[in-house]
Every structure is written in structure tokens, then in C-alpha cells.
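1. have a look at this fold, sequence not included:
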């Protein structure tokens, strides 16, 4: 497991088009979320301890902001290979059910979308405003390991800032996590 931080991405970058299958067997694309004021795309996977530590926090965030037209979308960026069988589509479906996920969980089996977004680690979080311009690219909070020790909920604050019509989120700490397991 290689620990990496998310790359610095220019704010205002437009969201990249995608068409990916969800664990519910439906096909999702960027337009599937046109009615949402804020779109949060999380590159994640099943096996990463950094993702596992924050998974429930993501579910809680979706619940908190559901009525405010905020949509989280998880995209499994990892190649499911013999070393990472936990990241297979079937295991994604199991995780979705077991965790009672309340947001779509999609597979990027050829990793084109992950590469297009310049995703680096899991989780790697991108927040887009209603014009689908990047407004936040950073961590969930200031303590991935122990939720009881969180003092700053940066992702929630960023979402609230965007919902309030503000575009400038000055301080953005990179997300960190396991490196994405790329297909060579």
C-alpha cells in the first residue's frame, strides 16, 4: 500500500463526462445528476483502509445534504485483479448492501474516467457546483483515522459554502489514501 495525496487541480475545471455502470446495474453519466446543485465525486474502492475509515461519514454526509440537492457518487477506481479481489464488481455490490449505501457506487473498469479526472488516491474527492465547475478538491475532515477526534469537517463546510452561492474556498487540504491500482 502506497500512501499518496490528491493532486492539486485548478479550481473551476469542468467536470469530465463519464458513462459507468452502478452496482444496481444501471448506467450513470454526468447528466444523470443534472438536477443537483452540488455533485460530489469520490474515487474510492473496497479494500483501502482510508476509505473504510470514512465510508460511514460519506453515507452520513449524503443523508445530511439529501434534501438540499447534493449528490454523492462513488467511483471504484481500482482495477480488480488477483491482488485486489475485494474491488471486484460483485464485492462492490456486497459492500453497497452491507453498508446500506445511499449514493450510487459505480465501477470504472477500464480506468479511463479515473485517469481523466487525474484521481491519485482513494479516497480522492471532487466537489462541483451547479455549473459543474470544480469548487473543492480535498479531504473529508482533519482526522481520517478517528472520527471522534475530528475538529474540522472540511467537506461538509465546502458543500455548505457552495450551497450558499460562494465559489471561493480558500483553504483546501489534499485528501490522502492508498494509491490507485492502475492497469498497466
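-> Perfect, thanks for sending it. Because the structure is predicted, anything quoted here is derived from the model rather than measured. Residues are numbered from 1 along each chain as shown.

2. pLDDT weak spots in this protein?
-> By pLDDT under 70, the low-scoring segments of the chain are 1, 82.

3. please enumerate the helices of it.
-> 49-65, 89-98, 112-117, 154-163 (DSSP state H).

4. deepest-packed of those, please.
-> helix 154-163 (a mean of 20; mean count of other CB atoms under 10 Å). Using the backbone N, CA and C atoms, a C-beta is placed for each residue, glycine as well.

5. ranges for the strands of this structure?
-> 3-5, 19-22, 27-29, 38-44, 70-76, 105-107, 121-122, 124-128, 134-136, 176-179 (DSSP state E).

6. pick the most buried one from these.
-> Most buried of the strands of the chain, by mean neighbour count (mean count of other CB under 10 Å): strand 121-122, with a mean of 28.

7. point to the residue nearest the middle of this structure.
-> Centrality entry for the chain: nearest residue to the mean C-alpha point is residue 42, 0.7 Å, by CA atoms, centre = their mean.

8. what's opposite that one in the beta bridge?
-> residue 74, residue 125 (DSSP bridges).

9. got a list of what it touches?
-> Residues counted as contacts of residue 42 (CB atoms under 8 Å, 6 or more residues apart in numbering) are 58, 72, 73, 74, 75, 123, 124, 125, 126.

10. returning to that earlier point: same list, the helices of the chain, but as JSON lines with distance to residue 24 please.
-> Compiled in JSON lines, these are given as follows (distance: least, CB to CB, whole Å):
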{"stretch": "helix 49-65", "distance to residue 24": "15"}
{"stretch": "helix 89-98", "distance to residue 24": "8"}
{"stretch": "helix 112-117", "distance to residue 24": "18"}
{"stretch": "helix 154-163", "distance to residue 24": "24"}
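
11. kindly check the end-to-end length of stretch 39-59 for me.
-> Start-to-end span of stretch 39-59 (CA to CA, to the nearest Å) is 14 Å.

12. how about stretch 79-90?
-> Its first and final residues considered, stretch 79-90 spans 13 Å by CA to CA.

13. that stretch: which residues count as buried?
-> Neighbour counts using 16 or more other CB atoms under 10 Å place 79, 80, 84, 87, 88, 89 of stretch 79-90 among the buried residues.

14. which outside residues touch it?
-> By CB under 8 Å, 6+ apart, stretch 79-90 touches 21, 23, 45-47, 76, 78, 91, 107, 109, 111, 181-183.

15. which one of these is nearest residue 12?
-> residue 111 (24.9 Å; CB to CB).
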